[in-house]
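Colleague: could you look at this predicted model? Sequence included:
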Amino acid sequence: MNQILSPPSTWVDKYGDYLYSFALYRIQDDSLAQDLVQDTLAAALEARERFKGTSSGKTWLTGILKHKIIDFLRKKYREPVFEDNILETHEMHDCFDDKGKWKTGPEKWASNPESLLEQKVFLNIVKKCLQDLPKRPARALALREMEGETTQAICKVLNITATNCWVILHRARFLMRKCIETNWL
Amino acid sequence: MINHWTFRCKDVSDLISRSMDEKLPLKIRMGIKFHLMMCHLCLNYKNQLNLIRKAVLKLDDDKSIGNEITPLPDQARQKIKNHLKNIE
């Protein structure tokens, strides 16, 4: 089955929204996501002879965008950045008492938690909480959960040690859970 | 050295996250399991982290109910169109 790539002049209207949402969900920054869409389509324009038609145009463009996102993260974190202290863990410590027990523990969210996955309101809270995370933890979590990258791969891209990679993912999940609980209950 | 049979909730919350990224040594896994048998708060924590993992994936699926495409703002749309026209 050979798929045909539509003419470049139609790309923005045909794929723009999808690619933008895809990038935004991983990068959590509007203008960066827009730049990445532009870079992706510009690269695709140059490489359009290499489109083989073995996958759809959308899949092909998404593949290019994924590379652009990784490239962006690599460059961004090549130099040490101070936008968020990845080892900032006081918001976690505050949840435990001196003996390391939960002060106020995780409450049950629903009698049947799996049913929450069918609720738009709940999913929208999850989406919002991911956007509100500090940037680097959010991006680490996106690489891990959406792209299925290993911690080794993530720590290379984000320029952190393996240990810090676990800390950053732990922190991302901890804050996500807390944010969801605050907004849901 | 932490005694594996007396993990604290604080350690367990860390280890639960780590167990989602790699296979932990048997001793540690047993220690977590033992803790979870007695601590419903950490069990809630574990289940919720798994639920969040599923929700994040679901939101990435463009056929999912929770996935609302965010439209590219008009200004950006026009800018990208112009850019592509210029380089074509």
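Modeller: Nice, I can see it.
Colleague: CA only for contacts and neighbour counts going forward, please
Modeller: Will do.
Colleague: now do the strands in chain A.
Modeller: Counting by DSSP state E, chain A has no strands at all.
Colleague: A:Tyr77 and A:Thr150: what is the separation?
Modeller: According to CA to CA, to the nearest Å, A:Tyr77 and A:Thr150 sit 18 Å apart.
Colleague: what's the offset of the lengthiest helix in chain B from the middle of its chain?
Modeller: Longest helix of chain B, by residue count under DSSP state H: helix B:40-60. Per CA atoms, centre = their mean, to the nearest Å, the displacement of helix B:40-60 from the mean C-alpha position of its chain is 7 Å.
Colleague: also stretch A:58-73?
Modeller: For stretch A:58-73, the distance to the chain centre is 13 Å (CA atoms, centre = their mean).
Colleague: average model confidence for that stretch?
Modeller: Mean pLDDT, stretch A:58-73: 96.
Colleague: list the buried residues in it.
Modeller: Buried positions in stretch A:58-73, judged by neighbour count with 16 or more other CA atoms under 10 Å in any protein chain shown: A:60-62, A:64-66, A:68-69, A:72-73.
Colleague: if we can go back for a sec, next SSE after the longest helix of chain B?
Modeller: helix B:74-87 (DSSP states H and E).
Colleague: what's next to that following helix, contact-wise?
Modeller: Helix B:74-87 is touched from outside by A:8-9, A:12-13, A:16, A:34, A:38, A:41-42, A:45, with contacts defined as CA atoms under 8 Å, 6 or more residues apart in numbering or on different chains.
Colleague: which of those are close to chain B?
Modeller: A:8-9, A:12-13, A:16, A:34, A:38, A:41-42, A:45 (CA under 8 Å from any CA of the partner chain).
Colleague: got the contact list for the closest residue in space to A:Gly105 that isn't next to it in sequence?
Modeller: In this structure, A:Gly105 finds its nearest non-sequential neighbour in B:Leu41, 5.5 Å apart by CA to CA, 6 or more residues apart in numbering or on different chains. Neighbour list for B:Leu41: A:102, A:105-107 [criterion: CA under 8 Å, 6+ apart].
Colleague: which among the buried residues of stretch A:58-73 gets closest to chain B?
Modeller: Nearest to chain B out of the buried residues of stretch A:58-73 is A:Thr62 (CA to the nearest CA; 12.5 Å).
Colleague: for chain A, longest helix please?
Modeller: Counting residues, the longest helix found in chain A (DSSP H) is helix A:162-184.
Colleague: say whether chain B is contacted by that helix.
Modeller: Yes - on the criterion CA under 8 Å from any CA, helix A:162-184 is in touch with chain B at A:166-167, A:169-170, A:173, A:177.
Colleague: contacts for that helix next, please.
Modeller: Residues outside helix A:162-184 that contact it (CA under 8 Å, 6+ apart): A:86-87, A:89, A:92, A:107, A:109, A:122, A:125-126, A:129-130, A:133, A:136-138, A:140-141, A:151-152, A:154-155, B:14, B:17-18, B:48-49, B:52.
Colleague: thinking again about what came up before, need the contacts of B:Leu41 in a markdown table with pLDDT and neighbour count, can you?
Modeller: Listed next are the contacts of B:Leu41 as a markdown table, based on pLDDT from 0 to 100; neighbours: other CA atoms under 10 Å in any protein chain shown:
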| residue | pLDDT | neighbour count |
| --- | --- | --- |
| A:Trp102 | 95 | 19 |
| A:Gly105 | 85 | 15 |
| A:Pro106 | 94 | 18 |
| A:Glu107 | 90 | 14 |
